[in-house]
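Q: Sequence and predicted structure are below.
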Amino acid sequence: MPSCTLISAVPSFISREEHTAIVAQTPASFNDIPPVLCHQEENVRVTLDPPLEGFSTEDASHGTLYVIESVLVFMSTTGCGFQIEYPTITLHAVSRGDAGPSIYCQLDDPSDNDADNMRELNILPQTADSLESIFDALSRCAALHPDPNMSDDGEDDAFVDMDGGFQAFTGEGDEELSEVGRATLEHLESIIVYPQTNE
């Protein structure tokens, strides 16, 4: 399955209030209930590196972001959009990259473990004040779709958020990074804004 799929219409969804009302009436099948929209952000632009075939710079320049429980969706004002399955998002964070304050995502094709096939997505809302709301909604939805390829022994864990904080790579003990891993870590440390902790 590719990390991004082109779409021409936003998938169906319902609000949190609508979901509560439907569940309260005990529907015949819970599987038929549309997914909940956790956050919607208008006036958003995105960047994809490498670019997504069939999705132009014009398409990426202005649209609406939908953080739905089932998929992450960007729909351009041009009528062209894309959706992303949450398990393909291997990392998301608030970024301070050159493009401006954004939500930075690393996307991976679950059928291919080659790091060269990684795609980077930057979500740039009109105002930086929206970043926390987008990040929180994205985190909640991603938690509903754990990576099926993640091993139980933790060997595949690149980033761990066990107690609401970040576990940084220190190089101590048996920890070791390849040359590609070191380059990736340096790139991430240059763009990610780590949350302030109150001690």
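A: Ah, there it is.

Q: contact partners of the lengthiest strand in the chain?
A: Scanning the chain for the longest strand, with DSSP state E as the assignment, gives strand 37-49. Residues external to strand 37-49 that are found in contact with it (C-beta atoms under 8 Å, 6 or more residues apart in numbering): 4, 13-16, 55, 60-69, 74, 99, 119-126, 130, 133-134, 136-138, 140-141. Heads up, the C-betas are built off the backbone N, CA and C, glycines and all.

Q: What's the first helix or strand after it?
A: helix 57-60 (DSSP states H and E).

Q: What is the subsequent helix or strand relative to that next one?
A: Counting by DSSP H and E, the next helix or strand C-terminal to helix 57-60 is strand 63-68.

Q: how about that next one as PDB, C-alpha atoms only?
A: Extracted in PDB, the C-alpha atoms of strand 63-68 (Å, rounded to 0.1, in the frame of the first residue of the first chain):
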ATOM      1  CA  GLY A  63      -6.600  23.400   1.000                       C
ATOM      2  CA  THR A  64      -8.200  21.800   4.100                       C
ATOM      3  CA  LEU A  65      -6.700  19.200   6.400                       C
ATOM      4  CA  TYR A  66      -9.000  16.600   7.900                       C
ATOM      5  CA  VAL A  67      -7.700  14.500  10.800                       C
ATOM      6  CA  ILE A  68     -10.200  11.700  10.700                       C
END
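
Q: Show me the shaky parts of the chain.
A: 1, 109-116, 147-199 (pLDDT under 70).

Q: which residues in it form strands?
A: 4-7, 37-49, 63-68, 71-76, 81-85, 89-95, 102-107, 119-125.

Q: Make JSON lines from those and add distance to Pro146 and mean neighbour count to it.
A: JSON lines is the format used below for these (distance: least, C-beta to C-beta, whole Å; neighbours: other C-beta atoms under 10 Å):
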{"stretch": "strand 4-7", "distance to Pro146": "20", "mean neighbour count": "17"}
{"stretch": "strand 37-49", "distance to Pro146": "17", "mean neighbour count": "19"}
{"stretch": "strand 63-68", "distance to Pro146": "17", "mean neighbour count": "23"}
{"stretch": "strand 71-76", "distance to Pro146": "15", "mean neighbour count": "23"}
{"stretch": "strand 81-85", "distance to Pro146": "12", "mean neighbour count": "21"}
{"stretch": "strand 89-95", "distance to Pro146": "11", "mean neighbour count": "20"}
{"stretch": "strand 102-107", "distance to Pro146": "16", "mean neighbour count": "23"}
{"stretch": "strand 119-125", "distance to Pro146": "20", "mean neighbour count": "21"}
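
Q: which stretch among those comes nearest Ile22?
A: For those, the distance to Ile22 is smallest for strand 37-49, at 13.8 Å, taking C-beta to C-beta.

Q: Kindly calculate the angle that the closest one makes with strand 81-85.
A: On the basis of axes from the mean of the first three to the mean of the last three C-alpha atoms, to 10 degrees, strand 37-49 is oriented at 110 degrees to strand 81-85.
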